[in-house]
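Participant: Sequence and predicted model, in that order:
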Amino acid sequence: MSAGTIPQAAFDRIDSVMKRALAGLSAEQLRTQPAGPDSNPIGWMAWHLSRVHDTNFSNLLGQGQAWVTEGWHERFGLPAALGSGGGDSLDDVRAFDPIDAATTLGYWEAARARSRAFLDALTDAGLDTPTPPRPSSANNEETYAQTVARVTSDTFQHIGQIAYARGLVDRHGWYGA
């Protein structure tokens, strides 16, 4: 069993939940703030989770982000230098246009390919490797293990929010695994 096996299995399960949660949603449903005007829409949460995977795992791989290298920023009509959404104001969140479920899911899949590539190559010996500095973060003193743990924790939280919000948007209840 390699160091990346457990997070890889978790992310595979999350991938399945993401695909079910976005399946068939209209652009309007992706923009709906299901718990009121101060809540995050499904489309923004799915984009944010994808950005977190893309920024972190691209950095760990020493590659440019799919957001830029694969032109996802252009598909969303957003700047290449845009962050991952952490710290966005409510106005920023409300203004975000997820385009459609296929585009949002396509970016998730591109970002997910980055985490898969990194985790497939991760070894026990590599867990203590210092994470390369991230220009967008003041905390640049993580190891690979700490970065993977942080992203995994954030991913669990956000996929639960997405699945729950999907249930609120189309009124069928919890949309979990």
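Facilitator: Sure thing, it's come through. This is a predicted model, so every value here is computed, not measured.

Participant: Doesn't residue 128 belong to a strand?
Facilitator: No: applying DSSP: H, G, I helix; E, B strand; the rest coil, one finds residue 128 to be coil, outside a strand.

Participant: Skipping its backbone neighbours, what lies nearest it in space?
Facilitator: residue 143 (5.2 Å; CB to CB, 6 or more residues apart in numbering). Heads up, the C-betas are built off the backbone N, CA and C, glycines and all.

Participant: tally of neighbours for residue 92?
Facilitator: Residue 92 is flanked by 12 other residues according to other CB atoms under 10 Å.

Participant: Output the helix or strand hosting it as CSV - backbone C-alpha positions only.
Facilitator: Residue 92 is part of helix 90-95 when elements are defined by DSSP states H and E. Provided in CSV are the C-alpha atoms of helix 90-95 (Å, rounded to 0.1, in the frame of the first residue of the first chain):
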residue,chain,number,x,y,z
LEU,A,90,-20.4,37.3,-0.5
ASP,A,91,-20.7,39.6,-3.5
ASP,A,92,-17.9,37.7,-5.2
VAL,A,93,-19.7,34.4,-4.5
ARG,A,94,-23.0,35.7,-5.8
ALA,A,95,-21.4,37.1,-8.9
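
Participant: and the longest helix seen in the chain, how far out from the chain's middle?
Facilitator: Among all segments of the chain classified by DSSP state H, the helix with the greatest residue count is helix 144-169. Centroid separation between helix 144-169 and its chain, computed with CA atoms, centre = their mean, to the nearest Å, is 8 Å.
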